[in-house]
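Undergrad: Okay, here's the prediction I keep looking at, along with the sequence it came from:
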Amino acid sequence: MKATRDGFGEQLVQSAENNPSIIGLSADLGKATKIDKFGAAYPNRIYEMGIAENNMVGVASGMSEYGYKVFLASFASFLTGKYDTIRCSIAYSNVPCVIVGTHCGMAIGKDGVTQMGLEDISLMRSLPGMTVLNPSTYNQTRAIVKYLCDNDLENPYYLRLGRQPVQEIYDEDVSFELGKGIVHKKAEGSWQEQHVVFSTGCMLPDVLEATKDINITVIDMPTIKPLDKEIIKKYAKCNVFTVEDHSIIGGLGSSVAEVIAEEGITCKLHRIAVNDVFPESGVPADLYEKYGLSANKISERIKNELGK
């Protein structure tokens with residue numbers, strides 16, 4: 001098993017081979033974010049900014065304006081914490097760079113809450129023009145990074161990555177389509193039995209494990225913004241669950257809730273996330289169990305809500 005951050009570093013090296021405009025910026029965490037792989041392969045195209053994320057954001061904005069495709073990487077909690085600079089220097093200017101936030105969610109474990117990116121989706125999706133991506137596995141991350149490298153970007157992107165190795169769900173040759181959810185299993189039966197789970201990021205393998213004996217549709221949502229409204233309208237019929245290693249406020253659950261409300265869909269929404277608290281340092285598996293995000297706890301919550 002590999003982490004989504006590994007997929008980022010390895011695909012960036014491969015994609016940059018024939019694209020000299022790709023530049024990397026790091027804030028003293030290249031080994032952890034895996035952008036150091038790019039730096040080792042292309043030492044003249046990586047810039048170490050030190051522990052100065054605000055400066056890194058400004059440099060990324062300037063270099064992007066001069067035609068470089070810039071990937072700037074740090075821990076999500078540190079990088080999105082520079083919200084005002086990202087807002088003014090990147091989002092307001094509609095700079096087509098890629099902000100890479102790693103070590104998201106509780107799964108970073110013992111590093112503690114100061115380094116857990118738990119509010120980053122909420123912050124980044126609120127910025128006009130910002131596309132927000134949250135891949136679930138190593139292979140899907142590689143597909144997304146390839147997409148970002150191979151296409152002319154017209155706006156800024158936020159790429160959310162995890163620290164922990166995750167079970168692979170996708171084939172090596174998986175492709176990525178922006179703004180589209182992916183159905184992994186479908187519920188069978190009458191309308192009253194058409195329940196659905198929308199999962200995003202590294203929670204997908206746990207969600208699939210949690211629902212293996214439950215008659216329920218499971219959909220992966222690697223794009224948070226723009227959200228796949230059509231797939232929500234199609235499958236949100238009875239009980240709708242969202243699962244994410246993120247604050248319950250402003251993430252996937254909130255995004256799905258907005259669609260349900262605006263479209264007038266009659267269903268019940270259950271959000272499974274970090275419930276408006278700061279977790280503590282600990283073993284990732286223990287934290288997931290305590291805060292309701294382990295496969296066991298997800299299964300238990302869904303079964304309870306469905307009366308199983």
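TA: Cool, got the structure.

Undergrad: For the stretch 51-200 of the chain, which segments are assigned as strands?
TA: Remark: strands assigned in the stretch 51-200 of the chain by DSSP state E, counting those that start in this stretch are 69-75, 98-102, 131-133, 157-160, 182-185, 196-199.

Undergrad: can you put these in JSON lines and add mean neighbour count and mean pLDDT?
TA: No exception for glycine: its C-beta is placed from N, CA and C like everyone else's. As requested, the strands of the stretch 51-200 of the chain are exported to JSON lines (neighbours: other CB atoms under 10 Å; pLDDT from 0 to 100):
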{"stretch": "strand 69-75", "mean neighbour count": "27", "mean pLDDT": "98"}
{"stretch": "strand 98-102", "mean neighbour count": "27", "mean pLDDT": "98"}
{"stretch": "strand 131-133", "mean neighbour count": "26", "mean pLDDT": "98"}
{"stretch": "strand 157-160", "mean neighbour count": "25", "mean pLDDT": "98"}
{"stretch": "strand 182-185", "mean neighbour count": "17", "mean pLDDT": "96"}
{"stretch": "strand 196-199", "mean neighbour count": "28", "mean pLDDT": "98"}
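
Undergrad: can you redo these as JSON lines with distance to residue 287?
TA: Formatted as JSON lines, these follow (distance: least, CB to CB, whole Å):
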{"stretch": "strand 69-75", "distance to residue 287": "17"}
{"stretch": "strand 98-102", "distance to residue 287": "18"}
{"stretch": "strand 131-133", "distance to residue 287": "24"}
{"stretch": "strand 157-160", "distance to residue 287": "18"}
{"stretch": "strand 182-185", "distance to residue 287": "25"}
{"stretch": "strand 196-199", "distance to residue 287": "18"}
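
Undergrad: of all those strands, which lies closest to residue 288?
TA: Smallest distance to residue 288 across these (CB to CB): 13.9 Å, for strand 196-199.

Undergrad: who does the closest one pair up with?
TA: strand 217-220 (parallel), strand 239-247 (parallel) (DSSP bridges).

Undergrad: How much space separates the closest residue to residue 16 other than its chain neighbours from residue 33?
TA: Nearest non-adjacent residue to residue 16, counting by CB to CB, 6 or more residues apart in numbering: residue 22, 4.2 Å away. Distance of residue 22 to residue 33, given as CB to CB, to the nearest Å: 15 Å.

Undergrad: And these two? Which one has more around it.
TA: residue 33 (29 against 21; other CB atoms under 10 Å).

Undergrad: got the end-to-end distance for stretch 126-137?
TA: Start-to-end span of stretch 126-137 (CA to CA, to the nearest Å) is 25 Å.

Undergrad: quick one: buried residues of that stretch?
TA: Within stretch 126-137, the residues that count as buried by 16 or more other CB atoms under 10 Å are 127, 129, 130, 131, 132, 133, 134, 135, 136, 137.
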